[in-house]
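> this one's sequence-less:
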């Protein structure tokens, strides 16, 4: 048998053949509120599956500052101010601004969660596999060289699901953090070990359409940060993270429209001694045909969102612009 020729046929029989309506919603109708997408199936529709669908059963937590997405922000931050402490690098001064001042910083996040395959049982129940990747970088805008402070990377394999008003995401992911070259060269400081592979579960509940509550936890199967904590003399380990939040999202409708969003996200981790990390945003959303965007004010408080400064307290506020699928 010629396996080179036979393999595509076997894959078709195993994956495609069980779903005769693969790639199509029964009836093939188009949702007028989302051009380019297909309408939700009716309650009596037969189960079906499709490759590369639109949307997701579990929308991304909008206030999560580490969620991969496409956004840009301008912050005033005290991350590199004196008196905040630098416990990740004891004995090394990373102060770059005067006491009481705040550093203007730009944040750029480039990433996305791409739906790959979705199985829909009916209008209220579905499951989806996707691919996720993103980087979040911080730059100092108060210096001519616009020094990059840090950049954090996330790569994940999420499995999203929904049943009625309940939804969730099971995710296997990797995260790592790195210092910017300019900060290393200017201050002669070093990168600390911050990276891990984890398995996480988040659950969401939509009691009413525009409002959602969510929460979950991550178990870190391997953490380079555990060794960093040992070298620094800290007793805590790096095995668990907990996240919870709420959001109100009045979605825009039609080819062009406006909506409102307000969200709050809380994260705590064993590595920081369960010190809370808060993020809140409020603003407006708008839709032009199949694209959604957001302009919102955001406030950060607690341990820095960047892994290279995971023990350094930070307060920051600013304005961000995001584009969503």
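Arrived safely. All figures in this text were calculated on a predicted structure; none of them were measured in a lab.

> Now do the helices in the chain.
3-11, 181-187, 224-232 (DSSP state H).

> which of those helices has the lowest average pLDDT?
When the helices of the chain are compared by mean pLDDT, helix 3-11 comes last with a mean of 44.

> Just to check, residue 170 is in contact with residue 157?
No - Residue 170 is beyond contact range of residue 157, at 9.3 Å (criterion: C-beta atoms under 8 Å). To be clear about C-beta, it is placed using only N, CA and C from the backbone, and glycine gets the same treatment.

> okay, the two: which has more neighbours?
The residue with more neighbours, out of residue 170 and residue 157, is residue 170; 17 against 14, by other C-beta atoms under 10 Å.

> Just give the closest residue to the more buried one, not the sequence neighbours.
Of all residues not flanking residue 170 in the chain, residue 159 sits nearest, at 4.6 Å (C-beta to C-beta, 6 or more residues apart in numbering).

> That neighbour pairs with what?
residue 129, residue 170 (DSSP bridges).

> residue boundaries of the strands in this protein?
For the chain, applying DSSP state E gives strands covering 48-51, 70-77, 103-122, 125-140, 148-163, 166-179, 195-208, 211-223, 240-250, 256-269, 277-288, 291-303, 313-324.

> Now do the contacts for residue 125.
162-164 (C-beta atoms under 8 Å, 6 or more residues apart in numbering).

> Now do the same for it: its pLDDT.
93.

> and if you look at residue 39?
So, for residue 39, pLDDT stands at 46.

> swap in the one 3 residues further on?
If you check residue 42, the pLDDT there is 52.

> Can you give me the distance of residue 220 to residue 227?
13 Å (C-beta to C-beta, to the nearest Å).

> Neighbour count: those two, which is higher?
residue 220 (22 against 12).

> how about low-confidence regions in the chain?
1-45, 83-85, 93, 98-100, 251-255 (pLDDT under 70).

> could you list every residue that touches residue 316?
So residue 316 contacts 75-79, 102, 105, 299-301 (C-beta under 8 Å, 6+ apart).

> Now flag whichever of those residues is closest to residue 90.
residue 79 (17.2 Å; C-beta to C-beta).

> Now do the same contact list for the nearest residue in space to that closest one that is not next to it in sequence.
Distances taken as C-beta to C-beta, 6+ apart place residue 314 nearest to residue 79, at 4.6 Å, with adjacent residues excluded. Contacts here follow C-beta under 8 Å, 6+ apart; on that basis residue 314 touches 77-79, 84, 300-305.

> make it 10 Å
With contact taken as C-beta atoms under 10 Å, 6 or more residues apart in numbering, residue 314 is in contact with 75, 77-81, 84, 277, 300-306.

> List just the nearest of those to residue 202.
Nearest to residue 202 among these, with distances taken as C-beta to C-beta, is residue 277, at 16.0 Å.

> my read: the closest one touches residue 310, true?
Yes - using C-beta atoms under 10 Å, residue 277 makes contact with residue 310 at a distance of 9.4 Å.

> What's the separation between the residue nearest in space to the middle of the chain and residue 137?
Centroid-nearest residue in the chain, with C-alpha atoms, centre = their mean: residue 67, separated by 1.1 Å. Distance of residue 67 to residue 137, computed by C-beta to C-beta: 15 Å.

> And for residue 245?
23 Å.

> Looking at the two, which is more packed in?
Using other C-beta under 10 Å as the criterion, residue 245 and residue 137 rank with residue 245 on top: 23 against 18.

> I'd assumed residue 266 was in contact with that one.
Yes - counting by C-beta under 10 Å, residue 266 is a contact partner of residue 245 at 6.1 Å.

> now residue 201, which residues is it bridged with?
Applying DSSP bridges, one finds that residue 201 bridges with residue 170, residue 217.

> ok so, going back, anything in contact with each of residue 277 and residue 310?
269, 303-304.

> among the residues you listed, who's most crowded?
Going by other C-beta under 10 Å, residue 304 tops the shared contacts of residue 277 and residue 310 with 25 neighbours.

> Among the contacts of residue 125, which one has the most neighbours?
residue 162 (19 neighbours).

> Leaving out chain neighbours, which residue sits closest to that one?
residue 57 (3.5 Å).

> Now do the one you found against residue 88, distance only.
In terms of C-beta to C-beta, residue 57 sits 38 Å off from residue 88.

> now do residue 272
11 Å.

> shared neighbours of these two, anything?
Joint contacts of residue 272 and residue 88 (C-beta under 10 Å, 6+ apart) are 229, 304, 310-312.
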